[in-house]
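*Asks:* attaching a predicted model along with its sequence, questions to come.
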Amino acid sequence: MITLLTKLFFIFAVIDPIGTVPVYLEATKEFDKAHKKKIAIRAAAIAFLILLFFIVIGQIILESMSVTLDAFQISGGVILFLFALTMIFGDGKPEKEKSQITDYKHVTIFPIAIPSIASPGAIMAVVLLTDNHLYGIQDQLFTTALVLIVIALTSLILLAANKLQDKIGSYGITVISKIMGMILAAYAVQSILTGITHYFSKI
């Protein structure tokens, strides 16, 4: 039960649905309520398909390039750590991605589905959590189900985005995003340490 909650919370942190709210609100400000709902649902679905693709194919691509598990854990940890630092010390995920909105006709895919929901950090995280050398098929399916749950929650949060922003405000959203970044940074450091430990234990 503890493992379930830990993994679920980590996936929630790396996808950061709360941090996506301002991006969604900015990207859909010219649409009516009906279109906003469609965009929220479609963006979540597209983001899940992107993450599912990397769950299934990501490691195969890496192994075809002769990338070892230790190297992948270390490099993945570094990328996740840098991503976490941008969440903690940067301008913030919402502001950065809001500034990338230039075409309101295609906001479902960019920037809502990617990189806001299916961010580089989220992609790297799901590949790490479904590594074939560490996890069996059952565990990988379990992780995929958790990703689907978080994406479904993300969709519901986006559908209630206007009310959520009114409740906690832009400042509250920024604070939550930075807390998620701190949690992600801790996981990233652990991944780096694990990779280094495994590498030196083989020498």
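*Replies:* All right, it came through fine.

*Asks:* which pLDDT value goes with residue 196?
*Replies:* According to the model's per-residue confidence, residue 196 sits at a pLDDT of 92.

*Asks:* distance of it from residue 77?
*Replies:* Residue 196 sits 9 Å away from residue 77, taking CB to CB, to the nearest Å as the criterion. For glycine as for every other residue, the C-beta is placed from the backbone atoms N, C-alpha and C.

*Asks:* the more surrounded of the two?
*Replies:* When neighbours are counted by other CB atoms under 10 Å, residue 77 comes out ahead of the other of residue 196 and residue 77, with 23 against 14.

*Asks:* hang on, that one packs against residue 197?
*Replies:* No - using CB atoms under 8 Å, residue 77 is not in contact with residue 197, being 11.9 Å away.

*Asks:* what ranges do the helices span in the chain?
*Replies:* Shown for the chain, the helices assigned by DSSP state H span residues 2-15, 17-27, 33-64, 69-89, 93-98, 120-129, 137-159, 161-201.

*Asks:* least confident of those, on average?
*Replies:* Set side by side, the helices of the chain show their lowest mean pLDDT on helix 93-98, which sits at a mean of 59.

*Asks:* ok, which of the helices of the chain comes nearest residue 113?
*Replies:* Within these, the stretch nearest residue 113 is helix 33-64; the backing value is 4.0 Å (CB to CB).
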